[in-house]
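Engineer: below is the structure, and that's it, no one-letter string:
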């Protein structure tokens, strides 16, 4: 597991470029791509305007986002959800990932409106591979079994070179 890093002005510029909009509610960089750019940010459970925001770990790296989107288009989420009904160990690990996600978010701020809502369909279905990859990268392997599988499926997205604004190299 990597420790969250402070979210600097340079990180804010990079993430805003990655997202194509200003970054909001970011409290830290939870994981950096091997190229050094933010890939996962930790967000506050309540956005600056007061809106509850359940996604604690937000995947920002354009290449990782694109890789997750390709997997989603290929039907991977449906297959994973189906396995939750037949694989007791996977279901138990996924339930533990849900509890981990909630505990980490509540440690930052308890937001009653989203108290039992984690992200990505946890704990009963797989809804968003981006969330699971973000969780796995931020906290390390062995915590979110679905996120670990997504990490293995997307492979080393960074090997094509530094990733930045919509997949282009940073200057």
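Structural biologist: Alright, I've got the coordinates. Fair warning: this is a prediction, and the values are worked out from it, not measured in the lab.

Engineer: what about residue 123, neighbour count?
Structural biologist: 18 (other C-beta atoms under 10 Å). Placement of C-beta: from N, CA and C, glycine included.

Engineer: equivalent analysis for residue 34, please.
Structural biologist: By the criterion of other C-beta under 10 Å, residue 34 has 12 neighbours.

Engineer: who are the contact partners of the closest residue to it other than its chain neighbours?
Structural biologist: Of all residues not flanking residue 34 in the chain, residue 158 sits nearest, at 4.8 Å (C-beta to C-beta, 6 or more residues apart in numbering). Applying C-beta atoms under 8 Å, 6 or more residues apart in numbering to residue 158 gives the contacts 33, 34, 35, 61, 63.

Engineer: ok, 6 Å please
Structural biologist: Counting by C-beta atoms under 6 Å, 6 or more residues apart in numbering, residue 158 touches 33, 34, 35.

Engineer: among these, which lie within helices?
Structural biologist: Nothing among the contacts of residue 158 maps onto helices, per DSSP state H.

Engineer: any chance of those residues in CSV, plus pLDDT and distance to residue 19?
Structural biologist: Formatted as CSV, the contacts of residue 158 follow (pLDDT from 0 to 100; distance: C-beta to C-beta, whole Å):
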residue, pLDDT, distance to residue 19
33, 91, 15
34, 88, 20
35, 85, 17
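
Engineer: which ones are touching residue 84?
Structural biologist: So residue 84 contacts residue 91 (C-beta under 6 Å, 6+ apart).

Engineer: can you check residue 23 too?
Structural biologist: 12, 15, 16.

Engineer: still on that earlier bit, which of the contacts of residue 158 sits closest to residue 77?
Structural biologist: Minimum distance to residue 77 across the contacts of residue 158 is 23.5 Å, recorded for residue 33 (C-beta to C-beta).

Engineer: how many other residues sit next to the closest residue to residue 110 other than its chain neighbours?
Structural biologist: The shortest distance from residue 110 to any non-neighbouring residue, by C-beta to C-beta, 6+ apart, is to residue 45 (7.7 Å). Residues near residue 45, counting by other C-beta under 10 Å, number 22.
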